[in-house]
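Enquirer: sequence first, then the predicted structure, then my questions.
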Amino acid sequence: MKKVVLAVVTVLSFAFANAQESKAVKFGVKAGANYGWLATGAAPVYDLRPEVGYHAGLVAEFKMCEKFSFQAEALYSHSEYSFDGNGNTSGTKIELNQVAVPVLAKFYLVKGLSLELGPQATVIVDSKLTNAEGSANFRKYNIDGVSGLAYDFKSGTFIQARYTYSFLNLQNGAAGNNQFGIQASVGYKF
């Protein structure tokens, strides 16, 4: 984890120093909806039902040149999953509150439209497991891969659509229970 943090700080320092020379730093805010799933691995899980969650946070874009920039974000995200049906997990609900820090490379394909790719560090700040026997033993930290598209309007407003995938298991000790999902956001850069 220390290596990941050091790499993120190094990239952001370089991006910030380079962007300061060209005066191309934009700060902003964003909010949107999450829709995520949990991969269940080998164990059978009956009727897993993801529910729509939300995210909100801050954005900083460091323009390197006309066709490329780095974008760092700090997001608060809330996700919920319910297990309904006939199985032994019926009625169980998982709620996750996370802080996510994606650092994305943005490749501008045409004016306004960009492809976003990069890593995302996440920290679970709060979790609840209701109507279940025992505890969940959730992993506190995770590393995700993020990819998506964004469109920046001339007014400063932007829209984004993303796919996220956690590389590490959500629970300690359990295999094959990764988190993945889609996000849709709207925001404004000052």
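Expert: Okay, I see it. Numbers count the residues shown, from 1 in each chain.

Enquirer: for Gly145, what are its contacts?
Expert: Counting by CB atoms under 8 Å, 6 or more residues apart in numbering, Gly145 makes contact with 118-120, 164-165, 167. To be clear about C-beta, it is placed using only N, CA and C from the backbone, and glycine gets the same treatment.

Enquirer: C-terminal to the lowest-mean-pLDDT helix or strand in the chain, what's the next element?
Expert: Lowest on mean pLDDT, DSSP states H and E among the helices and strands of the chain sits helix 2-22, with a mean of 56. Next helix or strand after helix 2-22 toward the C-terminus (DSSP states H and E): strand 25-38.

Enquirer: quick one: strands adjacent to that following strand?
Expert: Sheet pairing of strand 25-38 (DSSP bridges) gives strand 48-65 (antiparallel), strand 179-189 (antiparallel).

Enquirer: quick check: buried residues in that strand?
Expert: Within strand 25-38, the residues that count as buried by 16 or more other CB atoms under 10 Å are 25-26, 28, 30, 32, 34, 36, 38.

Enquirer: over to stretch 108-119?
Expert: 108, 114, 116, 118-119.

Enquirer: check the strands paired with strand 25-38 for me: which has the lowest mean pLDDT.
Expert: If you rank those by mean pLDDT, strand 48-65 sits at the bottom with a mean of 92.

Enquirer: can you give me the buried ones in that one?
Expert: So strand 48-65, judged by 16+ other CB under 10 Å, has buried residues 48, 50, 53, 55, 57, 59-64.

Enquirer: mind putting these in CSV, distance to Val99 included?
Expert: As requested, the buried residues of strand 48-65 are exported to CSV (distance: CB to CB, whole Å):
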residue, distance to Val99
Leu48, 24
Pro50, 20
Gly53, 14
His55, 10
Gly57, 9
Val59, 15
Ala60, 16
Glu61, 20
Phe62, 21
Lys63, 26
Met64, 26
